[in-house]
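S.K.: Starting from these lines, generate the structure:
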Amino acid sequence: MKRRDFLASSLAASATLASGSVASAQESQTTGRDYYELRFFQLTNASNLKLMHSYLREAAIPALNRLGIKPVGVFNTMVGPISPSLHVLLPHRSMESVATLEGRLRADDDYVRKGAAFLNAPANDPVYIRYESSLMKAFGCHPRITVPPKGKRMFELRTYESSSKNYNLNKVEMFCSGEVDIFVRSGFHPVFFGEKLIGERMPNLTYMLSIGNMEERDKAWAAFGSDPEWKKLTSSPKFSSGPNVVNITNYFLTPAPYSQV
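M.R.: Numbering: from 1, shown residues only. Predicted coordinates for the structure are as follows:
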């Protein structure tokens, strides 16, 4: 290949990559749908739990906010199979934001300085055992996190697994055909709804509801189940032709005092 042709080809490839990056960055603004990264930290002991919270409060959340990632949710496990543990919810406006997050954090001197105790924890005294991360795309009918009012401070995190992608998408459509509105009428505050793009037990979707306490939660679920629109949805041919959901996982969470959700 001649040098002139090679340069032209390289410039064209660079332009294509650049336009793809711009398109990715603009996608959320165009569609209005965020991406959610949900991190689950399995912690080692109560002492290191304090260090974890200090890191998130003093270093991570301020740095994430400077990068445009907000509101950040931090939740302690109230009822769940693993304790102590934390869920951290990060909303992104683009896939590029997800892919470049770690590098942008490490380039923030204030983050590195204030997070030093966490970031440099010795191998013989780790802050956490491991963390898992999943990536979701917000539903079109609930495109961004909605922060609940101060009174609704118990959270229910639910994951619905499906036997196939078709059933998974059918359940997403069911949420957006009235199910989300039924949650509101029943007394819940919907926080987010996400279709899982990357993570365990695929295909699935995850969503979060908030409410005042367990008693209110039980009453709200009873109201949900008896809602005429819910009965209409579940009896429609579109949503009753097969098992949209084959397994449900529940966590009951409480927010950290500094959580932005």
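S.K.: Would it be right to say that K238 lies in a helix?
M.R.: Yes - under DSSP: H, G, I helix; E, B strand; the rest coil, K238 sits within a helix.
S.K.: my guess is it contacts L169, does it?
M.R.: No - here K238 lies out of contact with L169, judged by C-beta atoms under 8 Å, at a distance of 11.8 Å. From N, CA and C alone the C-beta is placed, and that goes for glycine too.
S.K.: These two - which one has more neighbours?
M.R.: Legend: neighbour count by other C-beta atoms under 10 Å for K238 and L169, higher for L169 (15 against 10).
S.K.: so that one sits in a strand?
M.R.: No - according to three-state DSSP, the state of L169 is helix, so it is not within a strand.
S.K.: Okay, Y55 and I129: tell me how far apart.
M.R.: Distance, Y55 to I129, using C-beta to C-beta, to the nearest Å: 16 Å.
S.K.: More neighbours: these two, which one.
M.R.: Y55 (20 against 11).
S.K.: if I pick that one, what's in contact with it?
M.R.: G115, A117, F118, L119, V127 (C-beta atoms under 8 Å, 6 or more residues apart in numbering).
S.K.: In three-state terms, label the closest residue to the third one other than its chain neighbours for me.
M.R.: I take that to be F118. Closest residue in space to F118, ignoring its immediate chain neighbours: Y55 at 3.6 Å, by C-beta to C-beta, 6 or more residues apart in numbering. The local conformation at Y55, judged by three-state DSSP, is helix.
S.K.: do L135 as well
M.R.: L135 - assigned by three-state DSSP - is strand.
S.K.: Can you name the residues bridging to it?
M.R.: Taking DSSP bridges as the rule, L135 bridges to E37, I198.
S.K.: those strands in the stretch 51-200 of the chain, which residues are they?
M.R.: 73-79, 85-92, 128-138, 154-161, 189-198 (DSSP state E, counting those that start in this stretch).
S.K.: who does the first one pair up with?
M.R.: In its sheet, strand 73-79 lies beside strand 85-92 (antiparallel), strand 247-255 (antiparallel), with partners assigned from DSSP bridges.
S.K.: ok and it relative to strand 154-161, angle-wise?
M.R.: Strand 73-79 and strand 154-161 are oriented at 80 degrees to each other (axes from the mean of the first three to the mean of the last three C-alpha atoms, to 10 degrees).
S.K.: Buried ones among the contacts of Y55?
M.R.: G115, F118, L119, V127 (16 or more other C-beta atoms under 10 Å).
S.K.: returning to that earlier point: could you redo the strands of the stretch 51-200 of the chain as CSV and give each row distance to E37 and mean pLDDT?
M.R.: Putting these into CSV (distance: least, C-beta to C-beta, whole Å; pLDDT from 0 to 100) gives the following:
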stretch, distance to E37, mean pLDDT
strand 73-79, 11, 92
strand 85-92, 4, 96
strand 128-138, 6, 95
strand 154-161, 14, 97
strand 189-198, 9, 98
